[in-house]
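A.B. asks: I would like to see how this sequence folds:
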Amino acid sequence: MNRYLAVLAVLFLLSFYMRTLSINDGVLLDYDPVFQYRFTKYFVQWGFLPVWDELTYYPGRLNTNPPLMFYLTGILARIFSWVDLKTVAAYSSALYGALILIPAYLLARELSDERGGLLAAAFVGFAPQILSRTFGSSYDTDQLVLFFMLLTLYLGFRFLKSPSIKNFSLAFVGFVAFMATWQMFWVSFFLLLGSVFLSCLLKFLPRLPENPEAFGRKQLTWLGALFLLLFPTGFFLSLSPVSTLLGFFAFAINPYQWIVNISIAELQTSPFTDITLWIRSAGGFTTGGIENIVLAFFILLVPLLLVRRFFREGDLKSLSLVVALMVVALVLPVIKGVRFTIFSSAIILTLVGASLPLTWRKESIKPFTVGAALFLAFSFMASGFYLAPILKPSENPDWSRTWDFLRNETPELALVGTWWDPGHMITGYGERRVIADGAHCGSDCLYGINQRIMDLGKVLVTSSEDEAIEILKRYRGTSPELYWIASEDLIAKFPWAIKFGTGKDAPSYVIMTPTAYTGEKVVFSSGRDSVSVYLLGVPVPVLDGYGDLFREVWFYDDSGNFRNFTFNDTEAVEKALGKKLSGRIINATVYIREDWRYAVVIFPNLRDSLFTKMFFLDGKGLKKFKPVLLTDTVKVYELPASAFESRIGE
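C.D. replies: Numbers count the residues shown, from 1 in each chain. Here you go, the predicted model:
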């Protein structure tokens, strides 16, 4: 066996093993991986994928999800039929993630040699920034997207350098597989097309050797043939190549039209001077320390060695590809957001691997550059093995009870509403219709994603059950029952519910955790602010640093009974405390959990909101929303059909 292939096999096994350290059997990472799991489960159960998906954004929409990952994992599930499907999906994630290093090896070898290919494989296979999106249990498309992006770049470049029926056929098969994996698969094609045009422009550079090798009409003709052949193939396989092409250009021009909350979707842009952005693009060792900044910029500059080599040799074909890849890798995260640093990392580290062996020809610097290459490889490995166990997802028993309740104790056609974050788990684990989830939804949905998110925010924020019922009525359809979830995670996310539900910024909940206990008081803190809760017969909340008393406190007494108390003046409190206060009263409520794990400041605009009544008060004060499952962190309410037939007070 070729010694280089033997080393590659070892790197693959280590990369796979590293990713398995993130696996918790039977548990997948929340959100998008559960969406992918739902369709995989459908394929395993029925042998085909649904044409119409009525669970998401009920009444649903056409299923246009590229199917390759569902098919591949479905095959593995059939082979390992005795293993739970979630566990199969988790290990499939690790497998697909480890496979990324193979096309990285092939592309770097094409640009350099076998040694460059192995270095690229070591860098890409273990880099923390790539691992953070491709670890075991993260059952999403990122793994296969990176695999096919690098593979189609390799196959496409190889066929452009040496046009033949064989190389064209391999590139064509690679692109068809990529089309069946990701709707934005066109990115590789346009990178290759851009390198062809760039090659023509580079011929005008001064000081080039005579008769430089450049792409020309022949390569454009072959690319045109590939472009045209992908369309009928895509139509035959029901992969919608035209709509994906239009979607590619629409996303390239304005990605924000696909989303509501760009901070959650990781599409927020960063300034060019953001050091963290470049550290991530260089593989993501860490986010601090001058040594890591120096190391990151060293990595980003190494590919210039390839540029120098190909310029001197007059190899404009390779030079144009390297320049095109470097420009895209360095510019994309700046103009499109940090989400794309995973693509930048894969491209840059592949080029770095291809570049370093070029320096080994000079004996004077070879020890330094070999040492640098080995240092980078082992640093990525060490960082990856350290990070992998930390990424392991855990299971929340309250949410597990919620999914079991929805799946087993609600009507099959029931509709579930909440903020959009748990939507994929409601459809994937609870197997029920949902008003909104984390998938993109535009003109293909009845009421688009923006309208739905605004309506969900209004339901959470409003104090009127009448208003909430009127909003939910438009989404009810044929659902016999509607259920609403209020969960603990929404406390921190509530500024978004306010913003989208009301169209303006307003005070939100302030969650505070205990940071000190002195015997006479418990101090709760959030950022720079802290509240001292004095332990009298009634907890007395006072804003530290100001001595302002909060008007109301909600708490549980020693018998576990919920109580509320209102402070109308400060004199009696000062007498009981034996200390002077400011004399001011803050018009807000402090809620203290029964176990004192945290306290929440509730301002007047949210005191009577439906979320406050549902989560903090367990339904007290509600007439139409009936509690059916109350756990520590998740509360489920039923809104029966009769609620839509009458109004409170009628």
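A.B. asks: for Lys626, name its beta-bridge partners.
C.D. replies: In this entry, Lys626 is beta-bridged to Glu638, by DSSP bridges.
A.B. asks: so Phe555 is in contact with Val540, correct?
C.D. replies: No. Contact criterion C-beta atoms under 8 Å: Phe555 and Val540 do not qualify, at 10.5 Å. Just so you know, the C-beta spots here come from the backbone N, C-alpha and C atoms, and that holds for glycine as well.
A.B. asks: which neighbours do these two have in common?
C.D. replies: When C-beta atoms under 8 Å, 6 or more residues apart in numbering defines a contact, no residue borders Phe555 and Val540 alike.
A.B. asks: buried ones in the longest helix belonging to the chain, by neighbour count?
C.D. replies: The longest helix of the chain (DSSP state H) is helix 366-390. Residues Thr369, Ala372, Ala373, Leu376, Ala377, Ser379, Phe380, Met381, Ser383, Gly384, Leu387, Ala388 are the ones in helix 366-390 that count as buried (16 or more other C-beta atoms under 10 Å).
A.B. asks: quick one: secondary structure of the residue of the chain most remote from its centre?
C.D. replies: Ranked by distance from the centre of the chain (C-alpha atoms, centre = their mean), the top residue is Lys575, with 53.1 Å. Recorded secondary structure, Lys575: helix (DSSP: H, G, I helix; E, B strand; the rest coil).
A.B. asks: against Phe43, how distant is it?
C.D. replies: 71 Å (C-beta to C-beta, to the nearest Å).
A.B. asks: what does Gly560 give?
C.D. replies: 48 Å.
A.B. asks: ditto for Trp360
C.D. replies: Separation of Trp360 from Phe43 (C-beta to C-beta): 48 Å.
A.B. asks: between the two, which one's more packed in?
C.D. replies: When Trp360 is set against Phe43 and neighbours are counted by other C-beta atoms under 10 Å, the residue ahead is Phe43, at 20 against 16.
A.B. asks: wait, the more buried one touches Leu49, no?
C.D. replies: Yes. Contact criterion C-beta under 8 Å: Phe43 and Leu49 qualify, at 5.6 Å.
A.B. asks: intersection of neighbour lists for the two?
C.D. replies: Pro67, Phe70.
A.B. asks: and the next helix or strand past the longest helix of the chain?
C.D. replies: Scanning forward in sequence from helix 366-390 by DSSP states H and E, the next helix or strand is helix 397-409.
A.B. asks: pLDDT weak spots in the stretch 351-500 of the chain?
C.D. replies: The model of the stretch 351-500 of the chain has pLDDT under 70 over residues 364, 442-443.
A.B. asks: and if we set it to 80?
C.D. replies: For the stretch 351-500 of the chain, the stretches with pLDDT under 80 are 359-366, 369, 372, 438-444.
A.B. asks: skipping adjacent residues, who's closest to Thr403 in space?
C.D. replies: No Thr there; residue 403 is Trp. Excluding its sequence neighbours, the residue lying closest to Trp403 (C-beta to C-beta, 6 or more residues apart in numbering) is Tyr429, at 3.7 Å.
A.B. asks: residues in contact with that neighbour?
C.D. replies: Taking C-beta under 8 Å, 6+ apart, one finds Val34, Trp403, Leu406, Arg407 in contact with Tyr429.
A.B. asks: how about Asp142?
C.D. replies: Per C-beta under 8 Å, 6+ apart, neighbours of Asp142: Arg133, Thr134, Ile342.
A.B. asks: for the stretch 401-550 of the chain, which segments count as strands?
C.D. replies: 415-417, 433-434, 481-487, 510-517, 521-526, 529-535, 539-543, 548-556 (DSSP state E, counting those that start in this stretch).
A.B. asks: could the ones you listed go into CSV alongside mean neighbour count?
C.D. replies: Formatted as CSV, these follow (neighbours: other C-beta atoms under 10 Å):
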stretch, mean neighbour count
strand 415-417, 26
strand 433-434, 26
strand 481-487, 24
strand 510-517, 15
strand 521-526, 19
strand 529-535, 18
strand 539-543, 23
strand 548-556, 20
